[in-house]
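Participant: Quick one, structure for this:
(2 chains)
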Amino acid sequence: MGHIEFHQVTKRFDNGHEALKDVTVTFEEGSMTFLTGHSGAGKSTFLKLLMCLDQPSRGQILVNGVNLTQISSRRLAYYRQNLGAVYQDHHLLAHRTVFDNVALPLRVSGMLEKDIARRVRAALSRVGLLPREHLFPGQLSTGEQQRVGIARAVVPRPKILLADEPTGNLDPELSRDIMHLFEQFNQVGTTVIIASHDHDLIESMGWRIVELGNGSIVRDQNNGPGSYDTEK
Amino acid sequence: MGQVRMTRKNRPRKDPWPRSHTGPLTWWRDHKRVARETLHFVSARPGTSMLVWLLVGIALALPAGLFLVQINLAGMTTAWEGRPGLSVYFDLGLADAEIAAAAAALLARSEISGVKVTTQDEALREFQTYTGLVNALDLLAENPLPASLRATLAEDASLVDLELVAEFAGRSAGVSEVVVEKTWLQRVTDITRVVSRLGMMLGALFGLGAVLVTATSVRLAIEARLEELRVLKLVGATDRQIRRPYLYFGAFYGLGGGLIAAMLISLCLVIVETPLTHLLGSYGQELKMSGFDPKFLLVLLAVGGILGIAGALLAARQRLTDLEIP
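Facilitator: Numbering: from 1, shown residues only, chains lettered A, B, ... in the order given. Prediction:
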């Protein structure tokens, strides 16, 4: 349920800067991909378009055959309920506990509280934050906040998992653990796309690598089991 | 720009993003949770909430109070309309037999249900009793008060009939003056009309005021929780889910305002009860307040709740449409 297609997508900002130029790329359902490139290459813009936080200036983005540029607000909400996203700036709610932050997508989807509690604790346990479930984000380190964001992204068991520099503030060992967590999701069919510039991590994981440079795809390399289909 | 070629893989699926929890139970659960959270938010800020409740309460109390005044005035005219009549004053020194004849002639008419004669001596005694001017009147050589009679209009007779009877009475011998008692009744009716229109106008104005007060308060609540709204959008909340807490805000503010309005009206009634009893007593009437009953309270609460929700809808529509997140 996570087939993604970018077809000749261009994103030009008001100041004339083109963050993405005529990008065409496909992510098969159940694939795992690192999106890499230097700072300003267009990784974050790419993910923002996929999260529908911005609209492309030209081109089409299809997810499961639905054009995201023409989606109604109601369907956009359902799309996001099936999407797990890890943001660089975490987007955690300061006045809600770690537990409540992670529970948010499940409450939005209407799950029963007892199921929510079970799922949230399992997710927090996976990122090593179960003992801190009653704390507020302000009482956590940046790395811990990032892990809360990861737990919130994976807790609804999304069909698509997008992460923008999810290991930026984590030590190498924890980074690898988080990657293995993403791998486990991928094994049950989740399409995973991770934006990162951590070369050591990217090379060591053996996933597909899509590299952006100045808004265009400069490398598309399949290193692992995930399949891909690229047009240039 | 070329169109994407449709293949088996990228063909739109019937429901590409299925929802795992749907149906009325889920809807009900979400409402329950949102109501609980909103109530908690409102009760955690007693100062702000009380201020909003007072503002909405005052805005509701005035038109609601005027409505009560209007229905009581209307009730008063209805109660007295069955008993309007006329007073006939006779020339001084007119013989009792002539007065009795005039009374009998009036009583014979179908428009008149009763006649009560007050002789000159009775009039003097009543005057002395009510004014206490016993000694002053004793100084006069003769009784200056005329004999009179009061004729009461029959229940099925109209005010036009009263005019006809007054004309008839005026033509009788020895009659010096006929006073038709409908004048002040008409005044009460006119006042009722004025109060009614004033109530409608003030009701509309203050109702709008209540909506704006709630809208402003809800807008402030939205501003305070803007980051939460953005995050809710990011995790897939629908527009209805985003709006829902604010509709509860509006409802709670409106209901609280309705309750405050009821308390204010009740306080006003307690304050005016004694002077009003005295005033009505001077017209020989008892104070019987009607309209301030459980039904009135329920309607007041419902109106408060509806105006609150309207204000919340207004604020939510204005503010939530320009959230940075689509």
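
Participant: Can you list the buried residues in stretch A:198-214?
Facilitator: Buried residues in stretch A:198-214, counted by 16 or more other CB atoms under 10 Å in any protein chain shown: A:198, A:201-202, A:205, A:207-212. Every C-beta, even on glycine, is put in place using the N, C-alpha and C of the backbone.

Participant: for stretch B:190-204, same thing?
Facilitator: B:192, B:195-196, B:199, B:202-203.

Participant: Equivalent analysis for stretch B:150-161, please.
Facilitator: Applying 16+ other CB under 10 Å to stretch B:150-161 flags B:150-154, B:157, B:161 as buried.

Participant: For chain A, state which of the buried residues of stretch B:190-204 is nearest.
Facilitator: Comparing those against chain A with CB to the nearest CB picks out residue B:203 as the nearest, at 36.6 Å.

Participant: so the closest one touches residue B:61, yeah?
Facilitator: No. In this structure residue B:203 lies outside contact range of residue B:61 using CB atoms under 8 Å: 11.3 Å.

Participant: Now, the buried residues of stretch A:198-214 that are in strands?
Facilitator: Among those, the members found in strands (DSSP state E) are A:208-212.

Participant: Name the spans of chain A whose pLDDT lies under the cut-off.
Facilitator: Along chain A, the parts satisfying pLDDT under 70 run over A:1, A:223-232.

Participant: domains for it, by residue range?
Facilitator: Following automatic domain parsing, one finds the domains of chain A at A:1-82+A:161-232, A:93-157.

Participant: still on that earlier bit, of the buried residues of stretch B:150-161, which are in range of chain A?
Facilitator: Filtering the buried residues of stretch B:150-161 for proximity to chain A by CB under 8 Å from any CB of the partner chain leaves nothing.

Participant: In helices, which of those residues appear?
Facilitator: Taking DSSP state H, the ones among these that sit in helices are residue B:161.

Participant: What about the buried residues of stretch B:150-161, which are in strands?
Facilitator: Of those, the ones assigned to strands by DSSP E are B:150-153.

Participant: Of those residues, which is the nearest to residue A:38?
Facilitator: residue B:153 (101.1 Å; CB to CB).

Participant: quick one: the closest one from residue B:256, how far?
Facilitator: 49 Å (CB to CB, to the nearest Å).

Participant: Surely residue A:95 touches residue A:137?
Facilitator: No. Taking contacts as CB under 8 Å, residue A:95 lies outside contact range of residue A:137: 9.1 Å.

Participant: ok, whichever residue of the stretch 51-200 of chain B sits closest to chain A - contacts?
Facilitator: At 20.8 Å from chain A, residue B:52 is the closest residue in the stretch 51-200 of chain B, using CB to the nearest CB. Residues near residue B:52 by CB atoms under 8 Å, 6 or more residues apart in numbering or on different chains: B:213-214, B:217, B:253, B:256-257.

Participant: Buried ones among these?
Facilitator: Buried among those by 16+ other CB under 10 Å: B:213-214, B:217, B:253, B:256-257.

Participant: Which positions in the stretch 101-250 of chain B make contact with chain A?
Facilitator: B:227-228, B:230-239, B:241.

Participant: those helices in chain A, which residues are they?
Facilitator: With DSSP H as the criterion, chain A has helices at A:43-50, A:73-81, A:98-109, A:113-126, A:142-154, A:172-187, A:199-205.

Participant: Adding distance to chain B, write those helices out as a markdown table.
Facilitator: As requested, those are exported to a markdown table (distance: least, CB to the nearest CB, whole Å):
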| stretch | distance to chain B |
| --- | --- |
| helix A:43-50 | 11 |
| helix A:73-81 | 3 |
| helix A:98-109 | 4 |
| helix A:113-126 | 8 |
| helix A:142-154 | 7 |
| helix A:172-187 | 16 |
| helix A:199-205 | 25 |
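
Participant: Residue B:112 is nearest to which of these?
Facilitator: Nearest to residue B:112 among these is helix A:73-81 (74.8 Å), distances taken as CB to CB.
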